[in-house]
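Chemist: Based on what follows, work out the 3D shape:
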Amino acid sequence: MTTPSPAVGAFWRAFSDAQASLQALPLRERVGAANALIDQHLEGLALEMSGDDADAVVDLIVTAHGSIERFPLVAQVVAAAPALPHYRVRAFRERTTQPDFPIGMEGFELSTSEVLVALEQDGGQAALEIRFGREIPSDYQDHARNMAFIMLDHVLGEYDFAVKVGAVDFVGAPDDAHTPWVPLSQLPPVFDRYWTETLGHTGHFPTGESEWDGLELQFDCPIDEDGNELPPDDIDSDDAPETGVVMVNTSANAVAMRADLAYALTVDLAVPDSDTLTAVQDLQDQAATVLQVPQLGILVLTLMRAGHRQALYFVSDEQLAKQALAPLLLRDEAASLELKVAYDPAWSGYFEYAGYLSA
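Modeler: Next up is the predicted model:
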């Protein structure tokens, strides 16, 4: 977790100062006033409250409305929340406990029981095919699709819908009579079973020896001496495609996209000769052990390309991971070290290569 921005602290100070005046408002008006406060400090975030006017304590939900690039900011805001006597602060809009519900839009009403869903694989994510279980007037086709997206966010929860779901396609009558369709109102347990049993994302850290698979790939974009891909204008059209060897930890699929393993940490080292390669492999393997034993992270793949060996780990906390690895990074072979960290909750850096194994 990165250090919270000053704007996060400024928001919570403003919210704390306003608590007395907020409590004097009905819940609906309180939500509006609270959002006016967060709008002054944190762009792209919003607040929701779950409870009744008479409740002494209500849930205060910080949401990014499914915008993944703002999810780290949501986590920062929740982690920095002060003690608030009238609020339980939570990250992201959770699944509704009553998934069978209707919504209306401009005179048109649709129920979750009238939205039918089929699940397919989309890389490591779940793809959704959607059709409607009733006739939708032509003037309301766009409305119905927008409403289905809103319903999905509430039925699956903000985080799962944004991270675990890949392609969403609206279809007509099914071509395959054997495709299992489920009403959206009944989707959560079916989705969870598909996630663990079909996609294999059990959420459990692998134990024992990890299973690895590898392949050789060709890259259209060469990399420079620092391991960065060259822009297209700098590539000679006569250059032969560059090759690389990737090794994928297929055991890591079990914890793919776990919410607490959302940061992609790349350890990139130059390997000018075979002796250095051996030392770099040892360093990166030791880093995997240092991270995996306390379950701070997991090594998911290595890539050997153009005199560089990259190791990709998914970690729970950027700063804690760097602290844990600090002694290893002082070794001589780490002189050419480059560390890169990116927020990648959907593990796109992993499935970019893991997908080739099943292609």
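Chemist: Only C-alpha atoms from now on, for both contacts and neighbour counts.
Modeler: Noted.
Chemist: Now do the strands in the stretch 1-150 of the chain.
Modeler: Under the criterion DSSP state E, counting those that start in this stretch, the stretch 1-150 of the chain carries strands at the ranges 46-50, 58-63, 87-91, 102-105, 108-111, 115-122, 125-132.
Chemist: Next: the stretch 151-300 of the chain.
Modeler: Taking DSSP E, counting those that start in this stretch, the strands of the stretch 151-300 of the chain run over residues 165-170, 182-183, 212-219, 242-249, 263-270, 297-305.
Chemist: Mind listing the strands the fifth one pairs with, and their directions?
Modeler: What that stands for is strand 263-270. Counting by DSSP bridges, the strands paired with strand 263-270 are strand 308-315 (antiparallel), strand 338-343 (antiparallel).
Chemist: Same question for the last one.
Modeler: Strand 297-305 has these partner strands in its sheet, going by DSSP bridges: strand 242-249 (antiparallel), strand 308-315 (antiparallel).
Chemist: relative to strand 212-219, how tilted is the first one?
Modeler: Following axes from the mean of the first three to the mean of the last three C-alpha atoms, to 10 degrees, one obtains 160 degrees for the angle between strand 242-249 and strand 212-219.
Chemist: Which of the strands paired with strand 263-270 sits closest to Glu114?
Modeler: Between Glu114 and the strands paired with strand 263-270, the shortest gap by C-alpha to C-alpha is with strand 338-343, which sits at 35.9 Å.
Chemist: tell me which residues in the first helix or strand past the closest one going along the chain are buried?
Modeler: Along the chain past strand 338-343, the next helix or strand (assigned with DSSP states H and E) turns out to be helix 348-358. Of the residues in helix 348-358, Ser348, Gly349, Tyr350, Phe351, Tyr353, Ala354 count as buried by neighbour count, 16 or more other C-alpha atoms under 10 Å.
Chemist: and if you look at stretch 273-281?
Modeler: Leu277, Ala279, Val280, Gln281.
Chemist: just stretch 115-135 next, same as before
Modeler: Burial within stretch 115-135, assessed by neighbour count using 16+ other C-alpha under 10 Å, is assigned to 115-132.
Chemist: Low-confidence stretches in the chain?
Modeler: 1-4, 176-177, 220-240, 359 (pLDDT under 70).
Chemist: same thing but 50
Modeler: Applying pLDDT under 50 to the predicted model, the residue ranges of the chain that meet it are 235.
Chemist: roughly how far out does stretch 248-265 sit from the chain middle?
Modeler: On the basis of C-alpha atoms, centre = their mean, to the nearest Å, stretch 248-265 is displaced by 10 Å from the centre of the chain it belongs to.
Chemist: I meant stretch 280-296, not that one.
Modeler: So, by C-alpha atoms, centre = their mean, the centroid of stretch 280-296 is 23 Å from its chain's centroid.
Chemist: hmm, back to that, switch the strands of the stretch 1-150 of the chain over to TSV; also include distance to Pro294.
Modeler: What follows is the strands of the stretch 1-150 of the chain, written out as TSV (distance: least, C-alpha to C-alpha, whole Å):
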stretch	distance to Pro294
strand 46-50	34
strand 58-63	29
strand 87-91	24
strand 102-105	45
strand 108-111	45
strand 115-122	31
strand 125-132	27
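Chemist: just to revisit the earlier point, let me know which of the strands of the stretch 151-300 of the chain is the nearest to Thr97.
Modeler: In terms of C-alpha to C-alpha, the element of the strands of the stretch 151-300 of the chain nearest to Thr97 is strand 182-183, at 15.6 Å.
Chemist: Which elements pack onto that closest one?
Modeler: Under the contact criterion of 3 or more C-alpha pairs under 8 Å, 6 or more residues apart in numbering; DSSP states H and E, strand 182-183 touches strand 115-122.
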